[in-house]
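K.L.:
Dropping a prediction and its sequence here:
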Amino acid sequence: MSAPSATTAGIPRHVAIIMDGNGRWAARRRRPRMIGHRAGARAVNLCIDFCLERGVAALTLFAFSSENWGRPADEVGALMKLFLNALDREVAELHRRGVRVRFIGERGRFDAGIVARMDAAEALTAGNRRLTLAIAASYGGRQDIAAAARALAVEVAEGRLRPADIDEAAIARHVALSDLPPPDLFIRTGGDVRISNFLLWQLAYTELWFTDVLWPDLDRATLQQALDDFASRERRFGLTGDQVAAATPPETA
Ligand code: FPP
């Protein structure tokens, strides 16, 4: 992972989103929760369109947390089917539009059919550069950091790394999305004001933005509001406002 990122013309380079509120959206219509998730999938498309239009370089979506496996079996099964259908339906079009698709999280917990489609989507779109779409699936921030610690422990055990050389940069190299700038802007829909074990390491200096809008109700105006608010913020990365004003974008935390 590179240093905290500066913004270009007020547009965040990397946006990370917790897409919350599908269940409540359905409950308000007295419909099954899955109807909310299906409507949520449509909002995903709108969000990708918006990022492509605005020139956002990377979009990370929290689709399924490591904790979501604990939901009722019928909801988990239906969500898996939805992911499978979305992969079958959308990947060719994403490829056509220059989107690089990738997945972060414990891929091995998914059925072989889903894993095969994830692998195929990544392979097909690997050369695309217009937008990187990272889908967090069976992902947890603590698990991500634990995996990085394990990888570093292996390097130490094999004599390739000294414990004294384990620093922030070493951990940053091993957590998910290490090749992307960290998120500039985090958005959570659905009214809750928490991070819920999303990109814990990567969000250290991210600007946080919360809205009561339920994910399936997402529209361009809401996303634009988030971008406008982001553009108005002064990012100091631990420095003083005067230092930031005097300097070019900071390179260190
Ligand atoms: C949280 O809402 C949402 C999820 C756990 C699933 C997210 C899935 C989608 C948006 C659908 C498709 C996604 C892709 C990438 C194709 P919730 O169920 O926790 O809502 P609630 O808090 O109102 O119950």
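P.N.:
On my side now, so go ahead.

K.L.:
Okay, and the residue of the chain found nearest the ligand sits in which element?
P.N.:
Of all residues in the chain, G23 sits closest to the ligand, at 2.4 Å by Cβ to the nearest ligand atom. (Each C-beta comes from the backbone N, C-alpha and C, glycine too.) Taking DSSP states H and E as the criterion, G23 maps to helix 22-28.

K.L.:
Quick one: list the elements packing against that helix.
P.N.:
helix 33-54 (3 or more Cβ pairs under 8 Å, 6 or more residues apart in numbering; DSSP states H and E).

K.L.:
and the stretch 1-150 of the chain, which of its residues are near the ligand?
P.N.:
Neighbours of the ligand within the stretch 1-150 of the chain, by Cβ under 6 Å from any ligand atom: 19-24, 37, 40-41, 44, 61, 63-64, 68, 82-83, 86, 135.

K.L.:
My guess is G98 contacts N128. True?
P.N.:
Yes - using Cβ atoms under 8 Å, G98 is in contact with N128, at 4.8 Å.

K.L.:
So if I had to pick from these two, which one is more boxed in?
P.N.:
Per other Cβ atoms under 10 Å, whichever of G98 and N128 has more neighbours is N128, with 17 against 13.

K.L.:
ok so that one is a strand residue?
P.N.:
No - per DSSP: H, G, I helix; E, B strand; the rest coil, N128 lies outside any strand segment and is coil.

K.L.:
tell me the contacts of it?
P.N.:
Listed by Cβ atoms under 8 Å, 6 or more residues apart in numbering, the contact partners of N128 are 95, 98-100.

K.L.:
Distance check, it against P181.
P.N.:
Going from N128 to P181 by Cβ to Cβ, to the nearest Å gives 17 Å.

K.L.:
you'd agree T132 is in a strand?
P.N.:
Yes - using three-state DSSP, the assignment for T132 is a strand.

K.L.:
what's the neighbour count on the nearest residue to L218 once chain neighbours are set aside?
P.N.:
In space, and not counting its chain neighbours, L218 is closest to A43: 4.3 Å by Cβ to Cβ, 6 or more residues apart in numbering. Here the number of neighbours of A43 (other Cβ under 10 Å) works out to 23.

K.L.:
got a list of what the residue nearest to G105 when sequence neighbours are not counted touches?
P.N.:
Nearest residue to G105 in three dimensions, chain neighbours excluded: Y139, at 3.3 Å (Cβ to Cβ, 6+ apart). Shown in contact with Y139 (Cβ under 8 Å, 6+ apart): 62, 64-66, 104-106, 176, 198.

K.L.:
Alright, I will stop here.
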